[in-house]
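>>> Got a predicted structure here, sequence first:
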Amino acid sequence: MASFTMDDIDPSLAESIQAGLEAIEEKLHAAVATSDPMMRSTAPYLLDAGGKRVRPVLVMLAGAFGDITSSQLIDAGALVELTHLATLYHDDVMDGADTRRGTKAAHRVWGNNIAILTGDFLLARASAMSAGLGSEIVAVHAHTFERLCLGQLNETVGPGSGDDPFVHYIDVLSNKTGSLIAAAGVLGAMIAGAPESVVATMREYGEAVGVAFQLADDVLDIRASSVESGKTPGTDLREGVPTMPSLLLRAHVEKHPEDTASAALLAAVDGDLSSDDRLAEVVSALSEHPVVDETERLAETYADRALALVESLPAGPPRDALTAFTVSLVRRRA
């Protein structure tokens, strides 16, 4: 399954979710509107470039376990997507990414400073939106933002002496990706008045599916084309950002020094990848290595954990829809 669609779920529920997503989209465009001439160009840039709106969809799915008609779900969906968009502006600067969502990265258009300030602007708008939803929602959003910052910091600094690099990497994924996906589920369930047991499950579910989602993204970064993913393949490799395939390759070479082909590939990964042709060559070679399949299997392990949590939720169309949504996140092609 490449992506989640309303065709995958109960028609009545699909109608409610679709209506909510359309309202969220309107709210998002209103939220990035401003009288400032520069920000008027930069703030809607990535929003207009598209995206899967994974987090707003999850807000609505979680809301289906309570009162899905609550108007506050629209604000919650908008605030999680605004927060996500803000992190994209920041991440692309730090990673030196050339493209995002099939278009030139914002910092390649306006420079690093303006891209970072645009991300800050979006976070300010998201924070204002959370304030309108009450102190409990503000607390969830603030804690999530803290984890997003720590995840990026820990990725940048890397594991400390004596730290397990794999544990460190999963922690980074939990903070950078799992925290906001979990927040989407928690906010949706809280606002809709779902039982506390559902809120707790959505929190745990979001963490698991967030890691699965990012591990699947690691695979896509190697095996998907730029047309499919909207990003330059191997961007993380070029910037020296650890991913699960590169960590597994490094561990494999340490354990099997006699595997000269893998050692040569690791040397290439660690080498100069500034040339687009050289990057494409290394990405192609890595895509054929078993470590990418191993990463895919690990993504499935976390997806299975998330699916088991879904099974613990009350039976019915919302649970069935959440199952379809989960499968789509880790078996996507873009």
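Yep, it's here. Predicted, not measured: the structure shown is a model, and the values here were computed from it. Numbering: from 1, shown residues only.
>>> show me where the chain has strands.
For the chain, applying DSSP state E gives strands covering 99-100, 103-104.
>>> any idea of the mean pLDDT for the last one?
On average, the pLDDT along strand 103-104 is 90.
>>> hmm, back to that, quick check: which of the strands of the chain is nearest to Pro195?
The closest of the strands of the chain to Pro195 is strand 99-100. By CB to CB, the value is 38.2 Å. The C-beta positions use only the backbone N, C-alpha and C, and glycine is treated the same way.
>>> partners of that closest one in the sheet?
Strand pairing for strand 99-100, determined by DSSP bridges: strand 103-104 (antiparallel).
>>> Now do Asp48: how many residues are near it, please.
As a burial measure, Asp48 scores 12 neighbours (other CB atoms under 10 Å).
>>> so how far is Gly102 from it?
Separation of Asp48 from Gly102 (CB to CB, to the nearest Å): 12 Å.
>>> Same question for Glu300.
27 Å.
>>> Over to Leu249?
28 Å.
>>> more neighbours, these two?
Each of Leu249 and Gly102 has its neighbours counted (other CB under 10 Å); Leu249 has more, 22 against 14.
>>> wait, doesn't that one sit right on Ala264?
No - in this structure, Leu249 is not within contact of Ala264 by CB atoms under 8 Å, at 11.1 Å.
>>> what bits of the stretch 201-334 of the chain have low per-residue confidence?
Scanning the stretch 201-334 of the chain for pLDDT under 70 picks out 226-231, 332-334.
>>> repeat that with 80
224-232, 330-334 (pLDDT under 80).
>>> all helices for it, in order.
226-229, 235-238, 244-255, 260-270, 276-287, 290-311, 317-330 (DSSP state H, counting those that start in this stretch).
>>> Check this protein for me, the residue farthest from its geometric middle.
Distance from the C-alpha centroid of the chain peaks at Glu258, with 37.1 Å (CA atoms, centre = their mean).
>>> residues touching Leu46, list them.
Leu85, Leu88, Tyr89, Arg100, Arg101, Ala106 (CB atoms under 8 Å, 6 or more residues apart in numbering).
>>> in those residues, which two residues are the furthest apart from each other?
Largest pairwise distance in these, by CB to CB, is 11.9 Å, between Tyr89 and Arg101.
>>> which one of these two has more residues nearby?
In this view Tyr89 and Arg101 are compared by other CB under 10 Å, and Tyr89 has more residues nearby, 27 against 17.
>>> residue contacts, the more buried one?
Taking CB under 8 Å, 6+ apart, we find Tyr89 in contact with Leu46, Ala106, His107, Ala115, Ile116, Thr118, Gly119, Leu122.
>>> Spatially nearest residue to Asn112 (excluding sequence neighbours)?
Spatial nearest neighbour of Asn112, chain neighbours left out: Val93 (5.0 Å); criterion: CB to CB, 6 or more residues apart in numbering.
>>> Can you give me the distance of the one you found to Ser127?
Taken as CB to CB, the span from Val93 to Ser127 is 20 Å.
>>> Looking at those two, which is more packed in?
Taking other CB under 10 Å, Val93 and Ser127 do not tie; Val93 has more neighbours (20 against 16).
>>> For the more buried one, give me its contacts.
His107, Asn112, Ala115, Ile116.
>>> Quick check: the gap between it and Arg305.
33 Å.
>>> what about the residue lying closest to Ala78 once chain neighbours are set aside, distance to Gly20?
In space, and not counting its chain neighbours, Ala78 is closest to Lys27: 4.1 Å by CB to CB, 6+ apart. Separation of Lys27 from Gly20 (CB to CB): 10 Å.
>>> Could you do Pro257 as well?
55 Å.
>>> Give me the more crowded residue out of the two.
Between Pro257 and Gly20, counted using other CB under 10 Å, Gly20 has the larger neighbour count: 26 against 9.
>>> Enumerate every residue touching that one.
Pro56, Val59, Met60, Gly63, Ile68, Leu73, Ile74, Gly77.
>>> can you rerun that using 7 Å?
Met60, Leu73, Ile74, Gly77 (CB atoms under 7 Å, 6 or more residues apart in numbering).
>>> List the ones among these that fall in helices.
Counting by DSSP state H, the contacts of Gly20 place Met60, Leu73, Ile74, Gly77 in helices.
>>> okay if I get those as CSV plus distance to Ala315?
What follows is the ones in helices among the contacts of Gly20, written out as CSV (distance: CB to CB, whole Å):
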residue, distance to Ala315
Met60, 19
Leu73, 22
Ile74, 27
Gly77, 25
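>>> ok, of the residues you listed, which one's closest to Asp8?
Proximity of the ones in helices among the contacts of Gly20 to Asp8 (CB to CB) peaks at Met60, which lies at 13.7 Å.
>>> Pro37 and Ala43: what is the separation?
Distance from Pro37 to Ala43, counting by CB to CB: 11 Å.
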